[in-house]
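Chemist: pasting the sequence and the predicted model now:
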Amino acid sequence: MALRIFRFILLLTLVFAWQSGGPAAAQDQPPAPTPLIVEQQGALNALTSEVDSLEKRLDQVGEDDDKLLEARLELEKVSHQALNGALVFRPRLAEINSRLEQLGTAPAEGEATEADIVRNERKALAAEKTQINVVLAKAQDLSVRSAKLIDQIASMRSKLFRSLLTKRYQLTDALSGTVVSDFGQEIRKFFTAISSWTSFAFKFKLQAVVLATLMALAAAAVLMIGGRRLFGRLLQADPAAEDPSYLSRLSVAFWSTLLPTAALGVFFLSTYFFFDTYNVLRGDIGIFLSTMMLIVTIMFLVNRLANAALAPNLPNWRLIPVESSAARWLVRLATAMAIVVGLNTFLSVINEQMRSPLSLTVARSFVATIVVGAIVIMMGLVKPFKTLEGDWRPWPAWLRYSAFLTGGFTILAALLGYIGLAIFVSLQVVVTGTILVTAYIGFLSAKAIGAEGGFESSSAGRWLADNGKLEGGTLDQLGVAVSIGLNLLIVVVFLPLILLMWGFQPGDVQAWGYKLATGLTIGSVTISFTGILSGLVVFVIGYFLTRWFQGWLDGSVMARGKVDAGVRNSIRLAVGYAGVAVAALVGISAAGIDLSNLALVAGALSLGIGFGLQNVVSNFVSGLILLAERPFKVGDWIVAGEVSGTVRKISVRATEIETFQRQSVTLPNSNLINNAVGNWTHRNKLGRVEVKVGVAYGSDVKRVHEILQEIARSHPLVLKNPEPFVQFTNFGTAALEFEVRIYLADILNGGGVQNDIRFAILDAFSREGIEIPSTPRAVVEMPKLEPWPGDDDKTEAEFAERERLRTEAEQKAVKSRRKPRKPDPS
């Protein structure tokens, strides 16, 4: 029995221990990760595996620049995905931190214990936060690792490019007799490949070839015809124009080069696209065709640009003031240089595809670089200018010696065996030079359009002035906007082309564009050009929508509802300010700018407002009060101090008043709020005017009163109710004074009515014989002055005689005043 009791007590003890310790032990275990954490951990593990494979691939790539670039793009994609995965946790972290702040810190030892539910929630949130921080640290490490690999790839590509330019070849094999036979053999192979593909295409793909060619021609024709309709006058110079403006010459040179080249490029791209879509091309033929299309486009561009800028047959349209013969030579040399470089590039592709011997490649490049260098030197030797005496003058010294140095360096590099360097310089002279000249012409055109009156004198400006009824100031502002847009377009189009010519790959340009689009981090600040651009676009759209809504509300709603002009102006201004403010806020949000980060700036601005901007803020608040309370409105006749006139505009800072002398006076709104302002037309235009008149003493004052009353009542603009009133106001010093008081429906007619009544008073008093006395004035007699003598000699003689007589008289007076002697006493 005792044993059974012992067993029962032991069982109760175990059950109690499990109930008290089991849940606590379970609570001590960390909670399972959330689905979001599990998902991001899986994604990071996959990205880590991808980075591991890319790192192993770098050791196998060797000197293949394309594969290095491909690995770099993949690494940048991995880094971006890792950072985006980290950003997913931002809202959850904000929630956890906010909740932890609400729960507060755990009580210290010795303090009152808290509820289990609070303690367990705090532990769960802290554990989840720790798990999220682990994932964030892993994502950051992966991003840092990707950045290091990207830097390693950049170093490898830079080293590869330097080795390509500094590698020296032996010219003995390249200049041997076997090169000619190798060249002939390669040409035969090339024509064999072309003929086999041609026979295949005509036998099996003739319909596809014809259809693809026609579709490409249609695409190019659409661009060319549409361009001619839009820029018809800018595509061809007018021989009849004797002195075209510089803007016209720039525009013709730019568009006559760009549009035909773009049409040719569209034709080639469309042809290649449709050929590839219909499986007309094979591997080597596709490479040959794409290379040939690119080279022909560049040669066409160089020739068009040279003819457009130099205009050999149209001296009036020439951008560079050279002689016609020199212009022809320069066009020929530029075209010849483009042909040589293009042919060399095409042959290099053939050699690469045909796996030609190295000696043939070196010989081809050697000849091409020597010819290009000679052409550049010949350009420097051209004497394009003529003096007044008829002597030929060369290029400026800096330009001439630059051509000599470039051409000589190319030839010297080729003679020393640095074929890669020589080819690189030759290619930059032709292609980069063409791109820079085209871009420079575009920049000059944009500058001319943005100048004062430039856009107004253009064909587009004249069309807008005729059809859009735009004024010169508006066209100038539009010209500035067009100029900025053209500059941005030129940079976006030509900068990537220059980078491609200087050894960068399309992937490099793509990567840089991606960085600029997604955000450029400087310190702790991330600048997203795409975000800024989108914010500007959103603001501009919001601004124009606001202006459209203002016009629609004012012209279609309030005008039909016969709303007062002042009320319409107040509503229009309020809608405009509210719309612009909303557009600005939405634009800032679209640009990715956190308004909470501007709290410090707002605090500093509020401090500045309190001291330096209090007048501005006072005027702003006063303007809002005026728009809300409307003590006066646009069109009212007000008197503010010494200013009296009609209100023309009420803005948030100041109010514009036009006086009756047609003078515009701008008054700060705070003056109109803090000082007394009289409004003649506040609720209505009803008002009273007075006409004062005086009659002579002795006149029949009752008859005068009757006459004045009749005159006031007979005027058609004087109201019958309240009726006019004649007041005998005073016994003046010179007259008996009366005042005619009349009420008008429109106080603005007061001046004309007063004028009519005064004329009527004069006529009536004249008929009745009533005198209007005038104020007596004192008569001042001016002393008569002696006339100026006509004979100066006579005047001088008379003056001398008067002086002599005066002197003798003074002497006699002195003698008469002498005391007589006393008599002698003896």
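Modeler: Done, it's in. Numbers count the residues shown, from 1 in each chain.
Chemist: how about the strands in the stretch 301-450 of the chain?
Modeler: For the stretch 301-450 of the chain, the strands defined by DSSP state E, counting those that start in this stretch cover 385-386, 392-393.
Chemist: which of the ones you listed sits most buried?
Modeler: Highest mean neighbour count of the strands of the stretch 301-450 of the chain: strand 385-386, a mean of 14 (counted as mean count of other CB atoms under 10 Å). Backbone N, C-alpha and C define where each C-beta goes, glycine included.
Chemist: which strands border it, and is each parallel or antiparallel?
Modeler: strand 392-393 (antiparallel) (DSSP bridges).
Chemist: any idea of the mean pLDDT in the strand it pairs with?
Modeler: Strand 392-393 carries an average pLDDT of 85.
Chemist: make 13 the starting number, not 1.
Modeler: Got it, first residue is 13 now, which makes that one strand 404-405.
Chemist: next, count neighbours for the closest residue to L359 other than its chain neighbours.
Modeler: Spatially, and ignoring its direct neighbours in sequence, L359 is nearest to R376 (5.4 Å; CB to CB, 6 or more residues apart in numbering). Per other CB atoms under 10 Å, the neighbour tally for R376 reads 23.
Chemist: what about R376, distance to N686?
Modeler: 88 Å (CB to CB, to the nearest Å).
Chemist: now swap in S110 and tell me
Modeler: Taken as CB to CB, the span from S110 to N686 is 47 Å.
Chemist: same question for L490.
Modeler: L490 is 41 Å from N686, by CB to CB.
Chemist: so between the two, which is more surrounded?
Modeler: L490 (18 against 11).
Chemist: list the contacts for the closest residue to that one other than its chain neighbours?
Modeler: Among residues not flanking L490 along the chain, F467 sits closest, at 6.2 Å (CB to CB, 6+ apart). When contacts are counted by CB atoms under 8 Å, 6 or more residues apart in numbering, F467 is found next to I461, G473, L487, D488, L490, G491, V494, S495.
Chemist: what's downstream of the strand or helix carrying F467, the next helix or strand?
Modeler: F467 is part of helix 466-469, with elements assigned from DSSP states H and E. Next helix or strand after helix 466-469 toward the C-terminus (DSSP H and E): helix 471-479.
Chemist: packing partners for that next one?
Modeler: helix 466-469, helix 484-513 (3 or more CB pairs under 8 Å, 6 or more residues apart in numbering; DSSP states H and E).
Chemist: average pLDDT for the longest one?
Modeler: The reference is to helix 484-513. For helix 484-513, the per-residue pLDDT averages 78.
Chemist: could you check the angle helix 471-479 makes with it?
Modeler: On the basis of axes from the mean of the first three to the mean of the last three CA atoms, to 10 degrees, helix 484-513 is oriented at 150 degrees to helix 471-479.
Chemist: just the endpoints, please. Distance across stretch 740-751?
Modeler: Across stretch 740-751, the terminal residues are separated by 7 Å (CA to CA, to the nearest Å).
Chemist: what does it contact?
Modeler: With CB under 8 Å, 6+ apart, stretch 740-751 has contacts from 702-709, 711, 713, 716-717, 720, 738-739, 784-788.
Chemist: out of those, which are inside strands?
Modeler: The strands, defined by DSSP state E, take in E702, V703, K704, V705, G706, V707, V738, Q739 from those.
Chemist: from those, which two are the most distant?
Modeler: E702 and V707 (16.5 Å; CB to CB).
Chemist: more neighbours: which of these two?
Modeler: Legend: neighbour count by other CB under 10 Å for E702 and V707, higher for V707 (22 against 13).
Chemist: hang on, isn't the more buried one packed against H717?
Modeler: No: contact criterion CB atoms under 8 Å: V707 and H717 do not qualify, at 10.2 Å.
Chemist: measure the residue lying closest to L259 once chain neighbours are set aside to L585 for me?
Modeler: In space, and not counting its chain neighbours, L259 is closest to A460: 3.9 Å by CB to CB, 6+ apart. Note on A460: its distance to L585, by CB to CB, is 38 Å.
Chemist: L370 now?
Modeler: Relative to L585, and taking CB to CB, L370 is found at 78 Å.
Chemist: then P45?
Modeler: From P45 over to L585 (counting by CB to CB), the distance is 57 Å.
Chemist: what's the answer for L313, then?
Modeler: From L313 to L585 the distance is 53 Å (CB to CB).
Chemist: more crowded one of the two?
Modeler: Set L313 next to L585 and count neighbours by other CB under 10 Å: L313 wins out with 22 against 19.
Chemist: just the pLDDT for that one.
Modeler: Here the pLDDT value assigned to L313 is 87.
Chemist: for it, give me its contacts.
Modeler: T269, T273, T446, T450.
Chemist: wait, doesn't F421 sit right on F436?
Modeler: No: when contacts are counted by CB under 8 Å, F421 is not listed as touching F436 (11.2 Å).
Chemist: so for those two, which residue has more residues nearby?
Modeler: Taking other CB under 10 Å, F421 and F436 do not tie; F436 has more neighbours (20 against 15).
Chemist: any low-confidence regions in the stretch 513-662 of the chain?
Modeler: For the stretch 513-662 of the chain, the stretches flagged by pLDDT under 70 are 513-542, 573-579, 582, 603-625.
Chemist: helices along that one, start to end?
Modeler: 518-530, 541-564, 577-602, 611-623, 626-641 (DSSP state H, counting those that start in this stretch).
Chemist: other SSEs contacting the longest helix seen in the chain?
Modeler: Longest helix of the chain, by residue count under DSSP state H: helix 128-178. Under the contact criterion of 3+ CB pairs under 8 Å, 6+ apart, helix 128-178 touches helix 47-73, helix 77-99, helix 102-115, helix 431-439.
Chemist: next, the angle from the third one to helix 128-178.
Modeler: Interaxial angle, helix 102-115 versus helix 128-178 (the same axes, to 10 degrees): 150 degrees.
Chemist: tell me which residues in helix 102-115 are buried?
Modeler: I108 (16 or more other CB atoms under 10 Å).
Chemist: I'd like the average pLDDT over that helix.
Modeler: 79.
Chemist: could you check the angle helix 47-73 makes with it?
Modeler: 140 degrees.
Chemist: export helix 102-115 to PDB, keeping only CA atoms.
Modeler: Taking Å, rounded to 0.1, in the frame of the first residue of the first chain, the C-alpha atoms of helix 102-115 are listed here in PDB:
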ATOM      1  CA  ARG A 102      12.400  47.700 -44.500                       C
ATOM      2  CA  PRO A 103       8.600  48.000 -43.700                       C
ATOM      3  CA  ARG A 104       8.800  44.900 -41.400                       C
ATOM      4  CA  LEU A 105      11.800  46.400 -39.500                       C
ATOM      5  CA  ALA A 106       9.900  49.600 -39.100                       C
ATOM      6  CA  GLU A 107       7.000  47.800 -37.600                       C
ATOM      7  CA  ILE A 108       9.200  45.800 -35.200                       C
ATOM      8  CA  ASN A 109      11.000  48.800 -34.000                       C
ATOM      9  CA  SER A 110       7.800  50.700 -33.500                       C
ATOM     10  CA  ARG A 111       6.300  47.900 -31.500                       C
ATOM     11  CA  LEU A 112       9.400  47.400 -29.400                       C
ATOM     12  CA  GLU A 113       9.300  51.100 -28.500                       C
ATOM     13  CA  GLN A 114       5.700  50.700 -27.500                       C
ATOM     14  CA  LEU A 115       6.500  47.700 -25.300                       C
END
